[in-house]
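K.L.:
predicted coordinates and the sequence they were generated for:
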Amino acid sequence: MNLYRPFSVSSGSNAPYMRGFWSYERATWATLFCLIPPLVATLWENGGALFPALVLSVITVVGWQALFVARRKIPQRRGVLVSAVIFVVIAGGDAPLFPAVLGLSFGIILGELVFGGRGFSFLNPVVVALAFIIFAYPTITFSSPADWLTYASIPGAVFLIVSRLVSWRMLAGFVVSLIATSSLFGAVIDLGSLTQGYFLFIVIFLACDPATSACTNSGRWANGILSGFLVCVFTGSGGAANEVQPLIMAIFLGSIFAPLIDRIVVEINVFMRSRRNG
Amino acid sequence: MKFTIRGGLDLRIKGNPKQSIEDGAEISSVALSGGDLRGIRPKLLVQPEQRVAIGQPLFCDRNDPEVMFTSPVAGVVSHIDRSRRSRFEKIEIQCDGKKTVTFDTSGDVREVLLKSGLWTTLTTRPFGNVPNSSAAAEAILVTAIDTNPLAADPTVIVQSAQAEFALGLEKLASLVDGPVIICQAAGSPIIETERKNIRIAEFRGKHPAGLPGVHLERLRLGGQRVWQIGYQDVIAIGHLFQNGQLSPDQIVALAGPMARNPRLLRTRRCANLQDMLVGEALDGELIVFSGSVLSGRPASFLGHRHVQVCLMPANSRDQQSPYSQHGNRNMPMPVLPNETFEGTLPRSILPVPLMRALSVGDWETAHRLGVKDLLEEDVALLSTLCTSGADYGALLRRALVDLEGLPQ
């Protein structure tokens, strides 16, 4: 996928005059388009029951952002819609409306808006929201998703990876580590379950979020490996790796460790440079 | 020595130049902007309305008067732009006549280069300045590869001036104790040479495979004092030592989607682009770039050391940099890390940590991440690809200026 065509040239007074195709807004739109098939699959499965949750989620994130735009002068961005859609696909059918709105508000404010918006925060707001719901409402269980969710996620996943908006290294590290760790533990988790359930959807849209995962190539491997390992740890014996709780907790911790991983990669890089240059 | 550069980008812009050299239109004036010469505080040596000959000094460095810039044409100084701090910004000369200064080229190479003004074609690494008149380098890098979009093929131009190029190399070789390394595209050697300290390094790959920053890293010259020079400047040095006079000519690639007949043109150094482009552009709004579309700038005169002119369509959409999208709020757009970034820098440099360090003005971290191994052109692709719309070239320059002030 050409990341740089069609390019645009500006005659403004400031460089860069030549701009690649992927602006921040275009990347957001692309992700939103990739989310359409999973969303449609989920809505299809649930009939009209999901619409109130979808509308309420959109109102929640847009409302909070509007408040932050007005009070904190952060720029208005459409990235919050991505968060709302991902949240609805995962939790829309299971969480009652009040916990859902509370959790999503918590996630969008503390996971994103207080940092100035997407790209400035180190946690994905949906991960924060789901972690909040998992802790605050332990009685809410996430049922299995639409049968077609994995298949519906594949086109978007392929597009995001080919266009490099999502790191294949992170994804590969995640899957390899999951398989390696589970076989090391003696098949603690059921690998066959990876083709069903939330696995692909959550890994592509939450774990591999470029804004909240490691940002160096070695760091991406390490981040993926760590998250995959943590999924195994949180799944416990006999569990499946496609359940929401272990995936979200693993990604939550993985994102928290991402800056540390990058820092270690940077320090190694600096050490190698100083040794090379004498 | 052969190197393959992985990653990188081919921008595939339409309008690649036909690789044959033709004579360009008559040029009525030339101009040099002071900003083109890094590390020099210019002191003017001419007055407005004064007649100058080719090779006559126009200004010198205030701190190092031996470093001079000489006139590329014979004519009359028509205009001198000064900024508020009386630093000159632009000096314009109307072409008139063919009077040429003749240099005695039998003396010391360094002295001849300084006197003729060709010394200013050398660029130091790190920092990208014109070297001090008494400075020494551990190696000289001759960049005879150009992977910029719409660039000329250096092989064609060097082949048209084999003797001058060889002589120029020889003179450069006597300037340093270390090697003179010719960086060229993979293929047959650009020049046959017998001298021991003139070496050839071949680079294969997409842009930035042709940038000196990448070459330095692969040649393991990072952190050393190196000078770089372009292939056309080597030809100019050869011409000087062959004829005792400066060559007023230079070859540029005139190309781009808006060029009627993209090709290589023989024109004047620092030429007025309006003269050069008479009848060359297609109808429609266009932007004229001096230098590469990545690291050059919209200009009305050919920049010092620029070897290409790009005619790009002006599109009305996307005109604004994301920085200005939010009115006076001036919030930068965030960096969305992307694996493509890794292929745009020398491979030992971590792009996103460097971009973040530069964006927040953390020069110390930038230094640790190897910012001194880079110049503006090396990060130009990053600025193009990054979602933030930040100009990493300008940020890098600020980092380098501050780091240069520190004791080494």
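P.N.:
Alright, I've got the coordinates.
K.L.:
so for the helix or strand hosting residue B:110, what gets flagged as buried?
P.N.:
If you go by DSSP states H and E, residue B:110 is part of helix B:109-116. For helix B:109-116, a neighbour-count test (16 or more other C-beta atoms under 10 Å in any protein chain shown) marks B:109, B:110, B:112, B:113, B:114, B:115, B:116 as buried. Heads up, the C-betas are built off the backbone N, CA and C, glycines and all.
K.L.:
list the contacts for the third one?
P.N.:
Shown here is residue B:112, whose contacts under the criterion C-beta atoms under 8 Å, 6 or more residues apart in numbering or on different chains are B:103, B:104, B:105, B:240, B:241.
K.L.:
and for the fourth one?
P.N.:
By C-beta under 8 Å, 6+ apart, the contact list for residue B:113 reads B:119, B:122, B:171, B:175, B:237.
K.L.:
try the last one
P.N.:
Residues in contact with residue B:116 (C-beta under 8 Å, 6+ apart) are B:55, B:70, B:103, B:240, B:246.
K.L.:
so of the residues you listed, which ones are in strands?
P.N.:
Those of the contacts of residue B:116 mapping onto strands are residue B:70, per DSSP state E.
K.L.:
neighbours of the residue of chain B found nearest chain A, how many?
P.N.:
Residue nearest to chain A within chain B: residue B:334 (2.4 Å; C-beta to the nearest C-beta). By other C-beta atoms under 10 Å in any protein chain shown, the residues close to residue B:334 number 23.
K.L.:
wait, a strand at it?
P.N.:
No: applying DSSP: H, G, I helix; E, B strand; the rest coil, one finds residue B:334 to be coil, outside a strand.
K.L.:
just to revisit the earlier point, now the contacts of residue B:113: which count as buried?
P.N.:
Buried among the contacts of residue B:113 (16+ other C-beta under 10 Å): B:119, B:122, B:171, B:175, B:237.
K.L.:
can you redo the contacts of residue B:113 as CSV with distance to residue A:242 and pLDDT?
P.N.:
Converted to CSV, these look like this (distance: C-beta to C-beta, whole Å; pLDDT from 0 to 100):
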residue, distance to residue A:242, pLDDT
B:119, 68, 93
B:122, 62, 93
B:171, 70, 91
B:175, 67, 90
B:237, 68, 94
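K.L.:
my guess is residue A:199 contacts residue A:247. True?
P.N.:
Yes: the criterion here is C-beta atoms under 8 Å, and residue A:199 meets it with residue A:247 at 7.1 Å.
K.L.:
what's the overlap in contacts for these two?
P.N.:
Taking C-beta under 8 Å, 6+ apart as the contact rule, residue A:199 and residue A:247 both touch residue A:241.
K.L.:
contacting residues for residue B:185?
P.N.:
B:145, B:147, B:154, B:155, B:202, B:203, B:204, B:210.
K.L.:
just to revisit the earlier point, could you check the distance from the residue of chain B closest to chain A over to residue B:143?
P.N.:
To residue B:143, residue B:334 is 34 Å away according to C-beta to C-beta, to the nearest Å.
K.L.:
residue contacts, the nearest residue to residue B:155 once chain neighbours are set aside?
P.N.:
For residue B:155, ignoring the flanking residues on the chain, the nearest one in space by C-beta to C-beta, 6 or more residues apart in numbering or on different chains is residue B:190 at 5.7 Å. Applying C-beta under 8 Å, 6+ apart to residue B:190 gives the contacts B:144, B:154, B:155, B:158, B:165, B:182, B:184, B:200.
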